[in-house]
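>>> predicted model, plus sequence, below.
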Amino acid sequence: MNPTIILLPGDGIGSEVVAAGQEVLEAVADIFDHTFKMETHLVGGAAIDAEGDPLPEETLAACRQADAILLGAVGGPKWDDPTAPVRPEQGLLGLRKGLELFANLRPVKPHAELLSASPLRPDLLPEVDLLVVRELTGGIYFGRPRERRQVNGETQAVDTMAYTESEVRRIAHLAFQLAGERRGKVTSVDKANVLETSRLWRQTVTQVAEEYPQIEFETLLVDAATMHLITRPATFDVMVTTNMFGDILTDEASVLTGSMGNLPSASLGESRNRHGNPRGMYEPIHGSAPDIAGKRIANPIGTILSVAMLLRHSLGLEQEARAVESAVGETLKAGCRTGDLATPGESALNTAEMTKEIVRGMSDE
Ligand code: NAD
């Protein structure tokens with residue numbers, strides 16, 4: 001197989017973890033006899049610095065032609081001026097919208113070896129295996145108007161949360177289909193007691209649920225969901241929710257696994273690549289982590305597991321995906337930890353050392 005994979009390191013630790021992802025892709029190509037054509041492009045703050053545009057046309061065009069995309073993270077204090085005309089996050093949102101990636105899949109499954117790295121009681125964690133299906137191209141991150149305006153002599157800021165029925169329906173169908181391949185339960189999260197968009201969300205997801213009578217269905221308000229996620233995390237299978245609620249809930253869910261640095265994600269839409277698979281974008285759920293950027297200590301596992309999702313969903317390489325996932329598991333089992341995972345007294349590997357151990361684990365199989 002000789003697919004084209006676009007690498008978008010972005011900012012901060014983005015370039016450090018994407019380098020780890022690239023090393024794993026090269027190892028997969030070697031071991032399984034594939035040729036992966038990898039091209040690196042600019043996005044986010046790095047693209048603003050180089051070209052004044054967080055999503056250069058050339059980057060979007062390359063992604064539209066690619067078989068899959070691996071992204072690091074964007075953003076950082078350098079570009080945080082609230083009056084700046086362009087922001088790194090516009091690059092990320094532009095990619096999601098431009099590639100019509102409406103579904104973001106975020107699996108949360110703690111590794112048995114990392115139960116002590118989570119702040120939760122270890123007895124709550126062993127059975128946790130949930131998948132957050134986050135709507136990615138609608139809601140308050142995209143609604144218009146979005147502006148500052150003068151009202152009664154002072155500045156008012158406005159964001160708009162909007163959802164159409166069809167946007168809700170397509171993500172709901174995906175959630176129920178995915179639940180059918182898993183443990184058969186969907187939890188829809190909204191704020192239907194307050195928000196009109198959430199009432200449409202709940203009504204539409206409930207209608208879709210009727211088409212899947214074999215799937216158990218529950219709804220939760222988002223405030224309660226944040227609590228249930230830490231008091232009964234093992235009771236969730238597929239959790240489907242809006243763009244902003246999914247963004248927030250998955251940062252919370254990530255600590256079930258011990259660190260945000262562990263969590264991968266896949267963003268998928270209807271577009272297909274040359275192999276007939278979804279042209280997906282894969283990225284760890286964390287941000288650019290300016291507090292540790294440049295120290296080369298970032299945990300690469302979220303990105304490496306994103307590579308596994310890329311292999312599975314966009315390239316149809318299930319065996320290769322499993323080899324990557326099992327190498328991550330074996331490396332953790334062998335006691336290897338990055339700083340965010342090490343408990344007091346445990347020594348920590350840096351990004352490159354952890355990546356080498358995982359690559360070695362793949363070669364050994
Ligand atoms: P963050 O996710 O970057 O970091 C939160 C905390 O988790 C930090 O203490 C960080 O050191 C730690 N952390 C994150 N990833 C880690 C890893 N792989 N290994 C070890 N520790 C890790 O969130 P933040 O600090 O709120 O945001 C920083 C910047 O990232 C902001 O500019 C924000 O807009 C941006 N951001 C980008 C994305 C994205 O590109 N998808 C997502 C979230 C935040």
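All right, it came through fine. Since the model is a prediction, treat every value here as computed from it, not as a measurement.

>>> residues touching the closest residue to residue 134 other than its chain neighbours, list them.
Computed as Cβ to Cβ, 6 or more residues apart in numbering, the closest residue to residue 134 that is not its neighbour in sequence is residue 246, at 2.7 Å. Yep, even glycine has a C-beta here, placed from its N, CA and C like the rest. Going by Cβ atoms under 8 Å, 6 or more residues apart in numbering, residue 246 touches 104, 106, 132-136.

>>> chain center to stretch 326-340: distance?
Stretch 326-340 sits 20 Å away from the centroid of its parent chain (Cα atoms, centre = their mean, to the nearest Å).

>>> that one and the ligand in contact?
Yes. Counting by Cβ under 6 Å from any ligand atom, the ligand has neighbours in stretch 326-340: residue 340.

>>> tell me which residues are up against that stretch.
Here stretch 326-340 has contacts from 111-114, 117, 258-261, 297-301, 304-305, 308, 346-351, 353-354, 357-362, 365, using Cβ under 8 Å, 6+ apart.

>>> what's the ChimeraX line that selects buried ones from those?
Of these, the buried ones go into a single ChimeraX selection, burial set by 16 or more other Cβ atoms under 10 Å:
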select :111,113,114,117,258,259,260,261,297,298,299,300,301,304,305,308,349,350,351,354,357,358,359,361,362
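
>>> list, out of the contacts of stretch 326-340, those positioned next to the ligand.
Those of the contacts of stretch 326-340 which are also neighbours of the ligand are 260-261, 298-299, as judged by Cβ under 6 Å from any ligand atom.

>>> possible to save those residues as a markdown table with secondary structure, pLDDT and distance to residue 234?
Compiled in a markdown table, those are given as follows (DSSP: H, G, I helix; E, B strand; the rest coil; pLDDT from 0 to 100; distance: Cβ to Cβ, whole Å):
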| residue | secondary structure | pLDDT | distance to residue 234 |
| --- | --- | --- | --- |
| 260 | helix | 94 | 20 |
| 261 | helix | 96 | 22 |
| 298 | coil | 98 | 29 |
| 299 | coil | 98 | 24 |
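
>>> quick check: residues of this protein near the ligand?
Counting by Cβ under 6 Å from any ligand atom, the residues of the chain near the ligand are 13, 17, 73-76, 89, 92, 260-261, 283, 286-292, 298-299, 302, 340.
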